[in-house]
Structure formats: C-alpha cells, structure tokens
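> Generate a structure from the sequence data that follows.
(2 chains)
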2 protein chains.
Amino acid sequence: MTGAGGAIGVFDSGVGGLTVLRALRSVLPQERFVYLGDTARLPYGTKSAASVVRYSLQCADALVARGIRCLVVACNTASASALDALRLRYPGIPVFGVIEPGAAAAVAVSRTRHIAVIGTEGTIGGGAYQAAIRRLDARVRVTALACSLFVAVAEEGWVEGPIAEAIARRYLEPIFCGGQSRAAACEVPDTLVLGCTHFPVLAAAVRAVLPDHVALVDSAATAAAAVARELPAAANPSGRGGLSWLAGVSWLATDGAARFARVSGIFLGEALRPEDVEIIDL
Amino acid sequence: MTGAGGAIGVFDSGVGGLTVLRALRSVLPQERFVYLGDTARLPYGTKSAASVVRYSLQCADALVARGIRCLVVACNTASASALDALRLRYPGIPVFGVIEPGAAAAVAVSRTRHIAVIGTEGTIGGGAYQAAIRRLDARVRVTALACSLFVAVAEEGWVEGPIAEAIARRYLEPIFCGGQSRAAACEVPDTLVLGCTHFPVLAAAVRAVLPDHVALVDSAATAAAAVARELPAAANPSGRGGLSWLAGVSWLATDGAARFARVSGIFLGEALRPEDVEIIDL
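Here you go, the predicted structure:
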C-alpha cells in the first residue's frame, strides 16, 4: 500500500472505531488517515487484557509499517489495556486513547460529581474509566455498567426506534430513575459517558430515555478533540477538496471486507465498497 | 488433563454450543463429555469460511489430543464450513455437525414445503441450511434470515420478556405475517429452524411471536438425537449418579474463564465456577 505515510493511524477491533475516525475527520479535515479494523478477532470487549494487549501491538505494527505519524487507539477496550505497551514499543509516535479525554470531559461537565459510564464488559470490568475519572477528581462517584447488547444493536443498524429505546431503558433506568424528587437528585448521576466507540450511533435512543438534565459525553468526539489539540499539523495534507472524505482514508481489515464495508455505512453515514477494503494478516 | 479419554468431544466458538451439550447429555446420560469453547476468537458467525475452517481444525486437534472417540461440531458456522476438512483430518473419528439433522427434521415436519431458517450472518450467508434442505427435497422453498442480534440477547440472558419478543417480532414478522388468509397461507413458511446454537434459549420468545401452526425445529436437539442414533455406546460410562451432570464434563475455553462460567448458566440452567474451566491455547 502507498500513500499512508504521515497519515494518522486509527485502529479498533472492528467498525466501532469508525465513530472516532468520523469525529477526527470532522476536526482535522486536512489530514490523511489509515483505519484498521481487526475484524478477524472482534470483539475485544470479551477478551482478556493479555489478549487485547497482544492484538493491539500487532495492529500498531501494521500501521507503523505504513508510516503513520500518530496512532489513535479508537477502541475503549484496547485503550484500557494497551496504551502503556504501545507507548513503550513506539516512543517516537504520539499514541492517543479514547478513555482519558472522555473522563476529562465528564469531570469538567459534572456538577453533582456523580458520573455514569457505560461500555463493554471488558472496559467496565477493567475499571479504566472509573480509575481515569478518580485520578482527575477523587471525590467523584462513578456508577459503571456494561451494556454489551448495544454493540450488536449498533452493528445491526437498529440505532433508533422502540427496540433501541427499550434496551436503553432497561440498562439505564435503574441508574437514572429516582431523579424526580429533590431529595434523590444527588443519588442520580448528572453525566453519562458513552464509553464504547459503538455507542455514539445510539446517542439519540440513549438521550430519549435519559432525564433532560443529564449531560451525554461522547468519547469518540472528546478523543478527536484531544488529538486535534495536541498533534502538530500535517506537512502534506490530503487536500481532497471535491471528493468524498472517505477517499482520503486507507481502509484495512483482518477479515470480511464485504461485511466491513456494509456495516461501515451505519457508522460513517456513507458506505464503503468491499473493494475499498484491503484485507491484511496480523 | 485426564479422564476425557473415550469422551464425546464438543466444540463451539463460545457458549452457544452448550445448548447442544445439554441436549446430548439429555439423550446420552451415561456418556462423558469434553466441551471446548473457542472464546478467544468468538464469534465465528462474522468470520470468513477460511478462518472458520482453520479455527475448527485447531479445536478438533485439542480435543483429539484428549482422546475423544467422537466429535460434535456444536456450532452452525463451523458445521457449515469445516465438516469436510475435519473428516479428512480425522477419518477414524465420527464427526457430527448440527446442520444436516436440523435440515432433515424440518423437511420431515413441513407440510407446505416452505421452511424458514434463522441463524448468524455466516451460517445464512454461506447457504448451508438452504443447500442441506434442498439436497433432501429439491421442491422445498427456503426463506433464510440472519438474526445476529439474537446471539447478544441470549448471552445477556434477556431470553424472555418484551425486549426479546420485540426483537423476535422485528425479525420474524416480515416472514410470517400474511398467514391469516387462506390465499396467502402457501406464502408463509410452516416450519422455522433455529439454525444457531444460541437460539434455543430464546425459543419461548420466538414461539410467542410465531403463528400457532408454525413448527419450531431446535437444531441443538435434532443434532443430539442424531448422535444418539448413530454412536455406539461408551465402553466406560461416567456413572456419576448423584452428582450434578456438570461434573461429568471437562470444560475448556481459550479465554475468559470467569465470563465463560457466568454466561454458561444461561445455557446450562446451572452455572459453572471459573475454576472449573481450563484455559488452553490453540
């Protein structure tokens, strides 16, 4: 493959990280990107930390071999487990995760200092958001919940309507109910972090079942903002004015180009063609 | 590991195959079993056929190394792709899949010769059920549909109630609606094959949204019946009279003993302890 040198490398276990790529493109429209979905081994969320570290290093190796100048770990599970190992292996390349920026945004916005975080089993069970939030403000109370079904709902494209809302209600009502009376208000989080890169596409369904006063933190958007803030501008921007922005991205996956292309439409708002996706072995 | 020699080996990409194991135990109560869930690489349903064959051979190698006398591929995706490769590698060991028995049961029960099959994307997209049914009766019309979300719903344990039924209705109503009028009756399948080993735990929710006249074929139960019919009795049965039947099974997984043990409860009706599960590398 050619043309990815100097690009921003982004990887995820599959298609969820496309929400991060989309957010990155929105704040860094002149950059070139190379996206790798490790679809042969998805999901990372149910894998052990040791496996996730090993997979993440292999993803990074493939992207670094393509000459990227910056690495974005667009996967909460990998951000929770693998950032230290990635920075150790590639000290010359800035490595960004999605957890620290989301935690910082939540701490900044919460007034009651009670924050809820939802994610996959791996992210929530590993406690990375809880730890990141408490590092920023030890007085914050964190209520964390694994919402594994959201991943499948997002990939099925059922991102709006009664089923998505019923699932959101079943997960979130136990956390956010009871906020009607003033006495109980302190018991209820005033901020919800979407701590999985799949979840931003379900934001409308989640919003529909949340009390109005609860702030929603999108970890894809906050991660992209952190990259834009800290990364020096590209020396050779893509400069693709008229084309679809998708043309400025090199697409890699480890399995299933047809499915990757089809499901990408849910996350990108515009579907790829299977022939746009290069399948690589890790 | 000791004690699995002469046992029936069963593998799946994860926990779904436990429905097959449960059905096997029900019809073969004197047998010993060794179950392998390839949890490090689940789900197989979204992987390419080449990957599924490779994984299946590795699973079989691990079970054969433990001295099994029979192999049950308790995974529709692997049954669809890997049976020939497995039989070629192990000509001395009877290898059973879950597709042929389910297809035969559906053909036997359908009067209108219109059969519906639901499964994962891999199973449905590969067309193995459709082909197996047509090999038995070329006049049968098959309506096939991927119901990927059912897997996540089953693993979350939300196997009954309004959400499971709403999801079942969204998937199945387009297939089974229109069956009220006599003119349209031939347009509607009279048989539904649960073509994924996860789906039997959702049978009640599926049944609730099906017209009464539609027969439900459980591919776990039909596969177990086929093994019982064709396999010679064990020379050294387990003979565990008083103990839980779970004690007669050796449990292997490739990742995540804690999750495997927890989710197994949904499929077995009785949960394992993490320390019951041996983690192996493939």
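> State the helix or strand in which the residue in the stretch 51-200 of chain A that chain B sits nearest to lies.
Nearest residue of the stretch 51-200 of chain A to chain B: residue A:152, at 3.5 Å (C-beta to the nearest C-beta). For glycine as for every other residue, the C-beta is placed from the backbone atoms N, C-alpha and C. Following DSSP states H and E, the helix or strand that holds residue A:152 is helix A:149-156.
> quick one: buried residues of the helix or strand just after that helix?
Under the assignment DSSP H and E, the closest C-terminal helix or strand after helix A:149-156 is helix A:162-176. Residues A:163-172, A:175-176 are the ones in helix A:162-176 that count as buried (16 or more other C-beta atoms under 10 Å in any protein chain shown).
> and chain A, which of its residues are near chain B?
Within chain A, the positions adjacent to chain B are A:39-42, A:46-48, A:51, A:121, A:148-149, A:151-153, A:155-156, A:158, A:162-163, A:166-167, A:170, A:255-256, A:259 by C-beta under 8 Å from any C-beta of the partner chain.
> Need the pLDDT of residue A:173.
Residue A:173 is assigned 95 on the pLDDT scale.
> quick one: contacts for it?
residue A:209 (C-beta atoms under 8 Å, 6 or more residues apart in numbering or on different chains).
> residue nearest the centroid of chain A?
Among the residues of chain A, the one closest to the centroid is residue A:197, at 2.8 Å (C-alpha atoms, centre = their mean).
> I'd guessed that residue sits against residue A:13; true?
No: Residue A:197 lies out of contact with residue A:13 (C-beta atoms under 8 Å); the separation is 9.1 Å.
> which residue sits closest to the residue of the stretch 51-200 of chain A closest to chain B in space, ignoring its chain neighbours?
residue B:152 (3.5 Å; C-beta to C-beta, 6 or more residues apart in numbering or on different chains).
> Count residues in the vicinity of the one you found, would you?
22 (other C-beta atoms under 10 Å in any protein chain shown).
> What are the contacting residues of the lowest-mean-pLDDT helix or strand in chain A?
For chain A, counting by mean pLDDT, DSSP states H and E, helix A:121-126 ranks last in confidence among helices and strands (a mean of 85). Identification of contacts with helix A:121-126 by C-beta under 8 Å, 6+ apart yields A:44-47, A:49, A:52, A:76-77, A:80-81, A:99, A:117-118, A:129, A:144-146, A:148, A:195-196, B:259.
> and if you look at stretch A:204-216?
A:109-110, A:159-161, A:164-165, A:167-169, A:172-173, A:176, A:179, A:188-192, A:194, A:199, A:203.
> One more pass at 6 Å, please.
Outside stretch A:204-216, the residues that touch it by C-beta atoms under 6 Å, 6 or more residues apart in numbering or on different chains are A:109, A:160, A:164-165, A:168-169, A:172, A:176, A:179, A:190-192.
> and what of stretch A:41-53?
A:13-14, A:55, A:77-78, A:81-82, A:85, A:120-122, B:255-256.
> Can you give me the buried ones in the helix or strand containing residue A:207?
Using DSSP H and E, residue A:207 falls within helix A:203-209. By neighbour count on 16+ other C-beta under 10 Å, the buried set for helix A:203-209 is A:203, A:205-206, A:209.
> returning to that earlier point: lowest-confidence entry in the contacts of stretch A:204-216?
Pick the lowest pLDDT in the contacts of stretch A:204-216 and you get residue A:179, at 49.
> any idea how far residue A:102 lies from residue B:156?
To residue B:156, residue A:102 is 24 Å away according to C-beta to C-beta, to the nearest Å.
> Of these two, which one has the most company?
residue A:102 (28 against 20).
> Roughly how far does residue A:133 sit from residue B:125?
42 Å.
> The residue of the stretch 51-200 of chain A closest to chain B and residue B:147 touch, don't they?
No: checked against C-beta atoms under 6 Å, the pair residue A:152 and residue B:147 is beyond contact range at 10.5 Å.
> Number of residues surrounding the closest residue to residue A:177 other than its chain neighbours?
Distances taken as C-beta to C-beta, 6+ apart place residue A:188 nearest to residue A:177, at 7.8 Å, with adjacent residues excluded. Using other C-beta under 10 Å, residue A:188 has 20 other residues around it.
> How about the contacts made by residue A:278?
residue A:252.
> In a strand, it, correct?
Yes: Residue A:278: assigned to a strand according to DSSP: H, G, I helix; E, B strand; the rest coil.
> Tell me how chain A divides into domains.
Taking automatic domain parsing as the reference, chain A has its domains at A:8-97+A:223-279, A:99-220.
> what would these look like in a markdown table with distance to residue B:274?
Shown next, in a markdown table, are these (distance: least, C-beta to C-beta, whole Å):
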| stretch | distance to residue B:274 |
| --- | --- |
| domain A:8-97+A:223-279 | 12 |
| domain A:99-220 | 13 |
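> Quick check: pLDDT value at residue A:183.
Reported pLDDT for residue A:183: 47.
> follow-up on the earlier one: can you flag the buried ones in the residues of chain A next to chain B?
Buried by 16+ other C-beta under 10 Å: A:39-42, A:46-48, A:51, A:121, A:148-149, A:151-153, A:155-156, A:158, A:163, A:166-167, A:170, A:255-256, A:259, out of the residues of chain A next to chain B.
> State the helix or strand in which residue A:72 lies.
strand A:70-73.
> typo on my end, it should be residue A:53
helix A:49-64.
> how far does that helix sit from the chain's center?
16 Å (C-alpha atoms, centre = their mean, to the nearest Å).
> can you check stretch A:264-281 too?
Worked out by C-alpha atoms, centre = their mean, stretch A:264-281 lies 17 Å from the chain centre.
> Same question for stretch A:8-25.
7 Å.
> ok, residues contacting it?
For stretch A:8-25, the external contacting residues (C-beta under 6 Å, 6+ apart) are A:31, A:33-39, A:42-44, A:59, A:63, A:68, A:70-72, A:74-75, A:197-198, A:200, A:220-221, A:223-224, A:245, A:263-264, A:267-268.
> tell me how far the ends of it are from each other?
10 Å (C-alpha to C-alpha, to the nearest Å).
> mean confidence for that stretch?
96.
> got the buried residues for the least confident helix or strand of chain A?
For helix A:121-126, by 16+ other C-beta under 10 Å, it's A:121-126.
> Which SSE is immediately downstream of that helix?
Heading C-terminal from helix A:121-126 (DSSP H and E), you reach helix A:128-136.
> Could you name the helices and strands sitting against that next one?
helix A:99-109, strand A:141-146 (3 or more C-beta pairs under 6 Å, 6 or more residues apart in numbering or on different chains; DSSP states H and E).
> now do 7 Å
Where contact means 3 or more C-beta pairs under 7 Å, 6 or more residues apart in numbering or on different chains; DSSP states H and E, helix A:128-136 is packed against helix A:99-109, strand A:114-119, strand A:141-146.
> winner for burial among these?
Highest mean neighbour count of these: strand A:114-119, a mean of 26 (counted as mean count of other C-beta atoms under 10 Å in any protein chain shown).
> burial measure for the nearest residue to the residue nearest to the centre of chain A once chain neighbours are set aside, as a count.
For residue A:197, ignoring the flanking residues on the chain, the nearest one in space by C-beta to C-beta, 6+ apart is residue A:16 at 3.8 Å. Residue neighbour count, defined by other C-beta under 10 Å, stands at 30 for residue A:16.
> Is residue A:16 part of a helix or strand, or is it coil?
On the basis of three-state DSSP, residue A:16 is classed as coil.
> on that earlier part again, of the contacts of stretch A:41-53, closest to residue B:139?
Lowest distance from residue B:139 to these (C-beta to C-beta) belongs to residue A:14, with 40.3 Å.
> What is the neighbour count of that closest one?
Neighbourhood size, residue A:14 [other C-beta under 10 Å]: 29.
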